[in-house]
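Novice: Next come a sequence and a model predicted from it.
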Amino acid sequence: MKIYKILLVFFVLSIIFAGCSGGSEKSFTRPFDDFGGFSVKRFKGEKLVNINVPVKDGFGWVPGSKITGYLTFDFVYTTRKDKNWNKRKINLTIKIQDDLILALDLDKNAFYKEDSTLKFRKSIKAAVSLGNSDKLSFSIKDSGGSNGDNFDLISLVIVPDKGPDHKKNKNILLITIDTLRADYLGYYRKLKELYPDKISFSPNLDRLAEENLIFTNAYTPIASTWPALSSIARSRMPFEHGVQNNGDQLEDEESSLGQHLFNDWFSVSYRANAFQLDIGGFDVVKSFFRKDKKLKNSAKVFLVENYKKKFFLWLHFLGVHSGYRPSKEMLSRIEPEEYKGNVHKAVGPVLKKITAGERKVTEYDIEHIRNCYAGELLQLDEWIQEIFNIMKEKNIWDNTLIIISSDHGEDLYQHNNHFFHHPSIYNTSLHVPLIIKFPDSEYKGIIDQNVSIMDFMPTLLDYFGIKTEYRMTGESLMPLIRGEIKERTRYLFAESENNKILSIIGDKWKFIYNPDNIEAKTQYGNPYPVGVEEFYNLKRDRLETDDLTQGELPNIYKKFKFNLLNFIKSFQLDKKRKDRKKISELSEAVKKELKSLGYL
């Protein structure tokens, strides 16, 4: 029998297992028809409680029928660390009837601390064929389980397979927020237990992240706007596409994220920064000179006028770029008490004097400058929500794939007394947020593996089934999102000073290489020292303040150095280094833009 008007089924369950002791295996099995069509049953131990949940688009289960599609579930396993933690093996298996559809070893490094317990949370998608009399079972096996361990199935989503054409009319919204660090996103702070005494600076983006996909280890290949945006558009490293500094232009006319590949979309680019950068491939490009509010209002007008079209809209906000000028209202939410320090304007000339040591500041002053940075995000978070509200009003929210990220982060006095990003090679300026909302929130959860902003293009092409022979350095994230890739180490590379300074980032470690001992300079002309070699344990030292090359190095250091040297050799980077363009070679329009942003 055919099933009509099936779009999405949300089942919300909580399954709590207790009484595990001395190593245990706990299973939960129920006939699938127990879940019902218009109600959900919540299980607590063996007690069954009915709860009513609105079912989207009138799902009806036809007796005797099967649904072929995808089962997506979000679960949390809670346990406690014991003396045998390193030897413990924790495994989750899922079966339909007696057919195994998934076996997952829980990576102990991915557990996070909450109160006195350790938690592991993951969203997984698996292809299934389910009948209303089938039995779906979840089994957790923990070699060191104990009383109080819980397995909670947070959500269960059934997405019927709608065939290859169902994605054809989906929209794409890409929002990049200039200079936004990952650790200033509230939901990221919550996951990593950072600054619990601070309010969230991004409550609306937090909600989007919590209800969809968040990537906790996303990186840019360079801490500079023009090169980073070009890497998004080309899915290549800066030394590959040729834009290594602000003011450079792309050296090729190959495909980009615009019309060259998405020629079925009405492609539009609105930018409040990097407006002189010619990415190419868009039907419409509009520039908003440092005016985020104007960009936001224009985006709302665009959506009202074009919501019936299939569009690809890229919004690049100036965001939290230096100088940091929040409104009094936004700053007062973060600093309820009036600031009485030495820095009344967190703008370029003031920050320049601080970096040069010409103006003395206290920790109180530094915290105020960081609060000004956060205040800018708090305002932008509200403006982005206004855009989301228009999408919901026009009923295109569920039909749109949304990516939220940044071009790079920002040093906020963590390195070399610097309040800026270029020429930083540290994660304060390389680690960026990444949230993806798929149409109908098809995927959700937390992904901790390393990913890059260069992955956006191949991910979109993969999701929409667009074939291309264009060579991309980035990777599609779809296998990772679908749960098809098990835990692995992905090495990411970053560059600075025309690839004369490089870094390699693994899961836990980072190696920085400055073989010619280049003396980097800030945009103010101040020295920005980077050692010939630096090595950091990111798990223990996320801000990279303890350089391990100053002491006894761990054995893995040699592996990271070897991988970076192999990277240099494979791309012949030692032969591709070039000097930055002279200011006299830049156009007047480019000079004006760079000067307004503090680069000149």
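Specialist: That came through fine. Quantities reported herein were computed from a predicted structural model and do not represent experimental measurements.
Novice: Using the three-state scheme, assign Phe456.
Specialist: helix (DSSP: H, G, I helix; E, B strand; the rest coil).
Novice: unless I'm mixing things up, it is touching Ile404, no?
Specialist: No. With contacts defined as C-beta atoms under 8 Å, Phe456 does not count as touching Ile404, sitting 11.0 Å away. The C-beta positions use only the backbone N, C-alpha and C, and glycine is treated the same way.
Novice: would you list every one of the helices in this protein?
Specialist: Secondary structure of the chain (DSSP state H): helices at 186-192, 203-211, 225-234, 238-241, 292-306, 328-334, 348-355, 363-393, 427-430, 456-463, 478-481, 556-571, 588-596.
Novice: so of these, which one's packed in deepest?
Specialist: Mean neighbour count (mean count of other C-beta atoms under 10 Å) peaks for helix 225-234 among the helices of the chain, with a mean of 27.
Novice: Would you pull up how far it lies from the middle of the chain?
Specialist: Its chain's C-alpha centre and that of helix 225-234 lie 16 Å apart, by C-alpha atoms, centre = their mean, to the nearest Å.
Novice: Offset the numbering so it begins at 537, please.
Specialist: Right, with 537 as the first residue, what we last looked at is helix 761-770.
Novice: From the contact counts, what lies against it?
Specialist: Of the remaining helices and strands, those touching helix 761-770 by 3 or more C-beta pairs under 8 Å, 6 or more residues apart in numbering; DSSP states H and E are strand 707-713, helix 774-777, helix 992-999.
Novice: Can you show me the CA trace of it as CSV?
Specialist: These are the backbone C-alpha positions of helix 761-770, laid out as CSV (Å, rounded to 0.1, in the frame of the first residue of the first chain):
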residue,chain,number,x,y,z
THR,A,761,39.2,37.5,5.4
TRP,A,762,39.8,37.6,1.7
PRO,A,763,41.8,34.4,1.6
ALA,A,764,39.4,32.6,3.9
LEU,A,765,36.3,33.6,1.9
SER,A,766,38.1,32.5,-1.3
SER,A,767,38.8,29.1,0.3
ILE,A,768,35.1,28.7,1.1
ALA,A,769,34.2,29.6,-2.5
ARG,A,770,37.0,27.5,-4.1
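Novice: report the angle between the axes of it and helix 992-999?
Specialist: Direction vectors for helix 761-770 and helix 992-999, defined by axes from the mean of the first three to the mean of the last three C-alpha atoms, to 10 degrees, enclose an angle of 20 degrees.
Novice: what's the least confident stretch among the helices of the chain?
Specialist: Of all these, the minimum mean pLDDT falls on helix 1124-1132 (a mean of 50).
Novice: and of the helices and strands packed on helix 761-770, who's closest to Lys625?
Specialist: Each of those has some distance to Lys625 by C-beta to C-beta; the shortest is helix 992-999, at 32.3 Å.
Novice: Pull the residues that contact that closest one.
Specialist: Contacts of helix 992-999 from elsewhere in the structure, counted by C-beta atoms under 8 Å, 6 or more residues apart in numbering, are 703, 708, 710, 768-771, 793, 797-798, 937, 939, 941, 974, 1002-1004, 1008, 1010-1014.
Novice: Is there a quick ChimeraX command that grabs whichever of these are buried?
Specialist: In ChimeraX, a selection of the buried entries from the contacts of helix 992-999 looks like this (16 or more other C-beta atoms under 10 Å):
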select :708,710,768,769,770,771,793,797,798,937,939,941,974,1008,1010,1011,1012,1013,1014
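Novice: can you pull the pLDDT of the most centrally placed residue in the chain?
Specialist: If you average the C-alpha coordinates of the chain and look for the closest C-alpha using C-alpha atoms, centre = their mean, you land on Leu970, 1.5 Å from that point. Looking at Leu970, its pLDDT stands at 97.
Novice: need the contact list for it.
Specialist: Residues in contact with Leu970, defined by C-beta under 8 Å, 6+ apart, are 750-751, 754, 939-941, 987, 989.
Novice: let's go with 6 Å and repeat that
Specialist: Under the criterion of C-beta atoms under 6 Å, 6 or more residues apart in numbering, the contact partners of Leu970 comprise 751, 754, 941.
Novice: Which of the residues you listed sits closest to Trp1045?
Specialist: Among these, and counting by C-beta to C-beta, the member closest to Trp1045 is Ala754, at 17.5 Å.
Novice: Need the pLDDT of the closest one.
Specialist: Per-residue pLDDT puts Ala754 at 97.
Novice: Surely Ala910 is in contact with Ser738?
Specialist: No. Contact criterion C-beta atoms under 6 Å: Ala910 and Ser738 do not qualify, at 9.1 Å.
Novice: What is the neighbour count of the nearest residue to Ala892 once chain neighbours are set aside?
Specialist: Excluding the flanking residues, the one nearest Ala892 by C-beta to C-beta, 6 or more residues apart in numbering is Asn1062, at 5.2 Å. By other C-beta atoms under 10 Å, the residues close to Asn1062 number 17.
Novice: From Leu744, how far off is Asn1062?
Specialist: For Asn1062, the distance to Leu744 (C-beta to C-beta, to the nearest Å) stands at 38 Å.
Novice: List the residues that contact Val820.
Specialist: With contacts defined as C-beta under 6 Å, 6+ apart, Val820 is in contact with Val804.
Novice: sorry, back to before: same list, the contacts of Leu970, but as CSV with distance to Ala662 please.
Specialist: Formatted as CSV, the entries for the contacts of Leu970 read as follows, by distance: C-beta to C-beta, whole Å:
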residue, distance to Ala662
Phe751, 20
Ala754, 25
Ser941, 27
